[in-house]
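**Student:** Would you be able to build a 3D model of this:
(one chain, ligands or ions: 1)
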Amino acid sequence: MHIQTQVQLKPFNTLSLDAVASHYVRIQSVADIQSALDFAAAENLNVLVLSGGSNMLLPEQIHALVMHMDIQGIERISEDADTCTIRVGAGQVWHDFVLWTTKHNLFGLQNLALIPGLVGASPVQNIGAYGVEAGEFIESVQVYDRQIAQNISIAAQDCHFSYRHSIFKDEPERYVISHVTFKLLKQPDLKLNYGDLKAAVGADLTAENLQNQVIHIRQTKLPDPKDYPNVGSFFKNPVISQQAFDQIAQQFPNLPHYPQPNNEVKLAAGWLIDQAGWKGKTLGAVGMFHKQALVLVNYQQASLQDVRATYKAVQHDVFQKFNIELHPEPVLFDTQGLICSHQDEC
Ligand code: EPU
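**Tutor:** Numbers count the residues shown, from 1 in each chain. Next up, the predicted model:
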């Protein structure tokens, strides 16, 4: 394990923000996690766990130990007549893993192709797309639990997966995820209910075609961070009460909406931002993408302040027009490497 100092994290965060870490270490094994945490404790440093950097907002200076997760490996653990259980290192690239499952005739994750980031981050916000969430196929998550100083396995039902949420979001400083164990299907069960996915897949009802169509849809709508630095959807889709929805729908009858359990309704943040005039609009170096208004793009070496100015302006305009609050999806860190809320003083 090699601790480095004053490391530039710009290549490691997909919004391409300048961010220098006072201390940095690459984590390649479960043993490295323990050693890194011991070092941080001895040096009195907070710990910031860096995965694919595709869902985080970093300040310019971070006084902390950045643990860059790089545990590799895809391992078949067990199988029965219908399913196969696979354990994957947290540092494995998510999209490569999805491609691997399809190549090995294991099914379930095809709708989640091309989501940026690493496998270790998939349970944290329960990544989801095109009608499927990762949590549906996660059997357990292997973690180092800092509270009890032990490596443990957390069963999926105890992860409390919900829309872009899990226990790992509730207690972000507590767990360091080393592996994720998936239970995948041996026979395809294609999920085609989202939007026009069914039409895109057409008559070729194979998992490989489904995966290719998802890749194609994403490539046509969502910017590649290499060309347009971004963190995917910048805001969560807001979930409001049926009563609040009925009121807004009177004024905006075309409002896209998705009924949820508990008499709630999910709205499309992209549509709200688009209607508020922000699709393709920029404020300084930062703007909302011209093909998908939900994606904030760093067009020209923006700082975190620039990002904040733009997203606050978007929140303001959406609130003025619809009386709906948008909440950012990426995690914002402070200069001490701790997660903070999206408040001005952070
Ligand atoms: N829309 C607009 N204008 C826009 C963008 C969207 O009118 O600029 C409308 C669309 O026409 C559609 C609705 O909004 O009626 C929803 O749009 P879309 O199907 O593109 O999905 P989304 O709600 O914007 C969510 C996820 C994406 C995921 C897609 C597909 C969230 C916050 N985002 O986006 O996830 O890929 O569905 O399942 O839930 C991510 O989390 O980073 C991400 C990209």
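
**Student:** going forward, measure contacts and count neighbours with C-alpha atoms only.
**Tutor:** OK.

**Student:** What about Gln275, how many residues nearby?
**Tutor:** By other C-alpha atoms under 10 Å, 16 other residues sit near Gln275.

**Student:** what residues does the stretch 151-300 of the chain put near the ligand?
**Tutor:** Proximity of the stretch 151-300 of the chain to the ligand, by C-alpha under 6 Å from any ligand atom, involves residues 232-233, 235-237, 256, 268, 270-271, 274, 279, 292-294.

**Student:** Please produce JSON lines containing those, extended by pLDDT, secondary structure and neighbour count.
**Tutor:** Formatted as JSON lines, those follow (pLDDT from 0 to 100; DSSP: H, G, I helix; E, B strand; the rest coil; neighbours: other C-alpha atoms under 10 Å):
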{"residue": "Gly232", "pLDDT": "95", "secondary structure": "strand", "neighbour count": "23"}
{"residue": "Ser233", "pLDDT": "96", "secondary structure": "strand", "neighbour count": "19"}
{"residue": "Phe235", "pLDDT": "97", "secondary structure": "strand", "neighbour count": "21"}
{"residue": "Lys236", "pLDDT": "95", "secondary structure": "coil", "neighbour count": "19"}
{"residue": "Asn237", "pLDDT": "96", "secondary structure": "coil", "neighbour count": "22"}
{"residue": "Pro256", "pLDDT": "95", "secondary structure": "coil", "neighbour count": "14"}
{"residue": "Ala268", "pLDDT": "97", "secondary structure": "coil", "neighbour count": "18"}
{"residue": "Gly270", "pLDDT": "98", "secondary structure": "helix", "neighbour count": "22"}
{"residue": "Trp271", "pLDDT": "98", "secondary structure": "helix", "neighbour count": "20"}
{"residue": "Asp274", "pLDDT": "98", "secondary structure": "helix", "neighbour count": "22"}
{"residue": "Lys279", "pLDDT": "98", "secondary structure": "coil", "neighbour count": "22"}
{"residue": "Gln292", "pLDDT": "97", "secondary structure": "coil", "neighbour count": "20"}
{"residue": "Ala293", "pLDDT": "98", "secondary structure": "coil", "neighbour count": "27"}
{"residue": "Leu294", "pLDDT": "98", "secondary structure": "coil", "neighbour count": "25"}
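
**Student:** Report the separation between the residue sitting furthest away from the middle of the chain and Lys186.
**Tutor:** Relative to the C-alpha centroid of the chain, counting by C-alpha atoms, centre = their mean, Gln250 is the outermost residue, at 33.3 Å. Gln250 sits 47 Å away from Lys186, going by C-alpha to C-alpha, to the nearest Å.

**Student:** ok, back up a step: between the residues of the stretch 151-300 of the chain next to the ligand, which is closest to Leu50?
**Tutor:** Gly232 (16.6 Å; C-alpha to C-alpha).

**Student:** what's the nearest residue to that closest one if we skip its chain neighbours?
**Tutor:** Closest residue in space to Gly232, ignoring its immediate chain neighbours: Val295 at 5.6 Å, by C-alpha to C-alpha, 6 or more residues apart in numbering.

**Student:** Show me the beta-bridge partners of that neighbour.
**Tutor:** Ser233 (DSSP bridges).

**Student:** ok, it - how many residues close by?
**Tutor:** 25.

**Student:** Next: Pro261.
**Tutor:** 6.

**Student:** residues in contact with it?
**Tutor:** Contacts for Pro261 were tallied using C-alpha atoms under 8 Å, 6 or more residues apart in numbering; there are none.

**Student:** Also Phe319?
**Tutor:** Contacts of Phe319 (C-alpha under 8 Å, 6+ apart): Glu325, Leu326.

**Student:** how about the helix or strand harbouring it as PDB, C-alpha atoms only?
**Tutor:** Assigned by DSSP states H and E, Phe319 belongs to helix 304-322. Extracted as PDB, the C-alpha positions of helix 304-322 are listed here (Å, rounded to 0.1, in the frame of the first residue of the first chain):
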ATOM      1  CA  LEU A 304     -17.400  23.800  -7.700                       C
ATOM      2  CA  GLN A 305     -18.600  27.400  -7.200                       C
ATOM      3  CA  ASP A 306     -19.600  27.600 -10.900                       C
ATOM      4  CA  VAL A 307     -21.400  24.300 -10.600                       C
ATOM      5  CA  ARG A 308     -23.200  25.400  -7.500                       C
ATOM      6  CA  ALA A 309     -24.300  28.700  -9.100                       C
ATOM      7  CA  THR A 310     -25.800  26.900 -12.100                       C
ATOM      8  CA  TYR A 311     -27.700  24.200 -10.200                       C
ATOM      9  CA  LYS A 312     -29.000  26.800  -7.700                       C
ATOM     10  CA  ALA A 313     -30.300  28.800 -10.600                       C
ATOM     11  CA  VAL A 314     -32.000  25.800 -12.100                       C
ATOM     12  CA  GLN A 315     -33.600  24.900  -8.700                       C
ATOM     13  CA  HIS A 316     -34.800  28.500  -8.300                       C
ATOM     14  CA  ASP A 317     -36.400  28.600 -11.800                       C
ATOM     15  CA  VAL A 318     -38.100  25.200 -11.400                       C
ATOM     16  CA  PHE A 319     -39.400  26.200  -8.000                       C
ATOM     17  CA  GLN A 320     -40.700  29.500  -9.400                       C
ATOM     18  CA  LYS A 321     -42.600  27.800 -12.200                       C
ATOM     19  CA  PHE A 322     -43.800  24.600 -10.600                       C
END
